[in-house]
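Peer 1: Any chance you could fold what I've pasted below:
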Amino acid sequence: MTGRALIALFGVGVLSLIVLVAVAGRGDGDRPSALFQQQRGPLRGGSLPDGIDRKPAPSFQLADARGGRLDSRALRGRPYVLTFLYTDCRDVCPLIGREVGEALRLLGAQSSSVAAVAVSVDPEHDTRPAVRAWLRRLRLPGNFHYLMGRREQLEPVWRAYFAAPQPLGVRESRHTASIWLIDARGRLRTKFSGGVPVPPRDIAHDLRLLQREAARST
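Peer 2: You can find the predicted model right below:
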């Protein structure tokens with residue numbers, strides 16, 4: 001689903017709120033927005049605004065640094081984490097990578113039924129060798145996918161998730177740092193602000209809840 005289709009689905013008013021959240025949720029001093037501070041249900045991530053919670057997540061199909069291509073449709077049937085990173089980042093991105101990686105490890109044997117996806121926000125520098133070295137350095141498991149591509153391939157995904165890319169020539173983190181959780185039916189369910197520490201146990205907790213939901217629906 002493209003950003004334009006998302007606008008038609010969610011409505012301009014709701015999207016205006018999300019744009020404000022996305023602009024506020026940046027790597028340079030990200031703080032949870034009031035819209036996402038209090039979860040109304042059992043999930044520990046922030047509540048999504050009315051009109052977006054449980055709506056279909058925007059789709060994507062991009063090259064995976066580990067090999068091949070990853071189509072978001074192939075993730076249906078299991079919950080997954082979606083975030084936006086770049087390998088030259090020295091602060092926020094390694095933190096998010098470690099948090100998500102630790103959350104997957106906390107799931108133990110259950111981790112095979114979830115996934116994590118990072119989308120590059122710096123296509124000029126996120127080459128396959130750079131990304132693979134980054135994944136090795138952080139010791140991230142095989143179900144952590146780092147997607148890359150040319151700027152024109154990535155821009156529709158950035159727009160669809162209101163993710164600001166890393167500005168060219170700027171070394172300190174200036175991109176949108178958010179961690180989305182998408183359920184096994186491919187629906188947006190919650191969001192953590194990634195510019196502040198996120199307890200991996202909270203991410204793991206929410207993934208477990210989404211796993212249980214999926215098991216009950218089968």
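Peer 1: How about Leu106, nearest residue that isn't a chain neighbour?
Peer 2: Nearest residue to Leu106, sequence neighbours excluded (Cβ to Cβ, 6 or more residues apart in numbering): Ala204, at 4.0 Å. (C-beta placed from N, C-alpha, C; glycine too.)
Peer 1: Report the separation between that neighbour and Ser111.
Peer 2: As judged by Cβ to Cβ, to the nearest Å, Ala204 and Ser111 stand 9 Å apart.
Peer 1: So if I had to pick from these two, which one is more boxed in?
Peer 2: Between Ala204 and Ser111, Ala204 has the larger neighbour count (other Cβ atoms under 10 Å), namely 23 against 19.
Peer 1: can you pull the buried residues of the helix or strand the more buried one falls within?
Peer 2: Using DSSP states H and E, Ala204 maps to helix 200-217. Burial within helix 200-217, assessed by neighbour count using 16 or more other Cβ atoms under 10 Å, is assigned to Pro200, Asp202, Ile203, Ala204, His205, Asp206, Leu207, Arg208, Leu209, Leu210, Gln211, Ala214.
Peer 1: where are the low-confidence patches of the protein?
Peer 2: Flagging of the chain using pLDDT under 70 yields the residue ranges 1-40, 169-176.
Peer 1: Now do the shared contacts for Ala204 and Ser111.
Peer 2: Counting by Cβ atoms under 8 Å, 6 or more residues apart in numbering, the residues touching both Ala204 and Ser111 are Leu104.
Peer 1: which is the next helix or strand following the helix or strand containing Val117?
Peer 2: Per DSSP H and E: Val117 is located in strand 115-120. Using DSSP H and E, the helix or strand that follows strand 115-120 towards the C-terminus is helix 128-137.
Peer 1: What's the local residue count around the closest residue to Arg150 other than its chain neighbours?
Peer 2: Here the nearest residue to Arg150 in space, its sequence neighbours aside, is Pro123; by Cβ to Cβ, 6+ apart that works out to 5.9 Å. Neighbour count for Pro123, taken as other Cβ under 10 Å: 18.
Peer 1: wouldn't Pro123 be in contact with Arg151 here?
Peer 2: Yes: the criterion here is Cβ atoms under 8 Å, and Pro123 meets it with Arg151 at 4.9 Å.
Peer 1: list the contacts for Ala65?
Peer 2: Asp126, Arg128, Val131, Arg132, Leu135, His145, Tyr146, Leu147, Met148.
Peer 1: and Asp122, how many neighbours?
Peer 2: Neighbours of Asp122 under the rule other Cβ under 10 Å: 23.
Peer 1: what about it, distance to Glu155?
Peer 2: Taking Cβ to Cβ, one finds Asp122 at 13 Å from Glu155.
Peer 1: joint contacts of the two?
Peer 2: With Cβ under 8 Å, 6+ apart as the test, Asp122 and Glu155 both reach Pro165.
Peer 1: next one: phi and psi at the residue lying closest to Leu135 once chain neighbours are set aside?
Peer 2: Excluding its sequence neighbours, the residue lying closest to Leu135 (Cβ to Cβ, 6+ apart) is Tyr146, at 6.1 Å. Backbone torsions of Tyr146, given as degrees, to the nearest 10, read phi -110, psi 110.
Peer 1: distance of Tyr146 from Arg76?
Peer 2: Tyr146 is 20 Å from Arg76, by Cβ to Cβ.
Peer 1: more crowded one of these two?
Peer 2: Tyr146 (26 against 13).
Peer 1: Before I go, just wanted to say thanks for your time.
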